[in-house]
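Novice: sequence below, structure please.
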Amino acid sequence: MTGAVLVGVFGVAGALLRFAVDSWFAHHTWRPGLGSRPERTGRAGISGSAGDGTPRHWPWATLVVNVTGCLIIGLSIGITGRLGMAPEWQSAVATGLAGGLTTFSSWTTATVRLVSESRFGAAVLNVGANLVAGFAAAAVGMALAS
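Specialist: Numbers count the residues shown, from 1 in each chain. Sure, this is the predicted structure:
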């Protein structure tokens, strides 16, 4: 019973963190580059526009939460064991916090959206960035925790 409660509490925390990240990106534009800074806008995560002036979306929030979740799970695997914590805590952090934070469905939907806009390069970049950065973050988390 304790494990389920911990997963639930941490899951709520992860979902609220995800909401905060989504909300931040919904009100800021960010074009990565050396020394770039996010700009506050009233538009949802705009990172350019189509030739007709229609805003183009890039799923930055989804990438950030997915990579962060991979790092959290990687850390949780090593830290909970090394600190001698009960298995419920690893479940709470990995399944609850990281599970509430990350999103497979938004990632795939964003990719389908990019394809439907004929933004094939952006779709491939979205898939590659999530996979490569996610694997790297999990590996870094595990390395840091060992």
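Novice: from residue 26, how far off is residue 73?
Specialist: 26 Å (Cβ to Cβ, to the nearest Å). C-beta coordinates here come from the backbone N, C-alpha and C atoms, glycine included.
Novice: got a list of contacts for stretch 107-117?
Specialist: 50, 56, 57, 59, 62, 66, 120, 122, 123, 126, 127, 130 (Cβ atoms under 8 Å, 6 or more residues apart in numbering).
Novice: quick check: buried residues in it?
Specialist: 107, 110, 111, 114 (16 or more other Cβ atoms under 10 Å).
Novice: now whichever helix or strand residue 138 is part of, how far from the centre of its chain.
Specialist: Residue 138 is part of helix 120-145 when elements are defined by DSSP states H and E. With Cα atoms, centre = their mean, to the nearest Å as the basis, helix 120-145 stands 10 Å off its chain's centre.
Novice: and that helix, what does it pack onto?
Specialist: With contacts defined as 3 or more Cβ pairs under 8 Å, 6 or more residues apart in numbering; DSSP states H and E, the packing partners of helix 120-145 are helix 60-82, helix 104-116.
Novice: which parts of it are buried?
Specialist: 122, 123, 126, 129, 130, 133, 134, 137, 138, 141, 142, 145.
Novice: for the residue nearest to the spatial centre of the chain, give me its contacts.
Specialist: In the chain, the residue lying closest to the centroid (Cα atoms, centre = their mean) is residue 65, at 1.6 Å. Going by Cβ under 8 Å, 6+ apart, residue 65 touches 17, 18, 21, 22, 101, 102, 103.
Novice: now, which of the residues you listed sits nearest residue 79?
Specialist: When the contacts of residue 65 are compared for distance to residue 79 (Cβ to Cβ), residue 101 wins out at 16.8 Å.
Novice: OK, contacts around the closest residue to residue 25 other than its chain neighbours?
Specialist: Closest residue to residue 25 apart from its sequence neighbours, by Cβ to Cβ, 6 or more residues apart in numbering: residue 61 at 3.9 Å. Contacts for residue 61 (Cβ under 8 Å, 6+ apart) come out as 21, 22, 24, 25, 26, 45.
Novice: since that was my last question, I'll sign off now.
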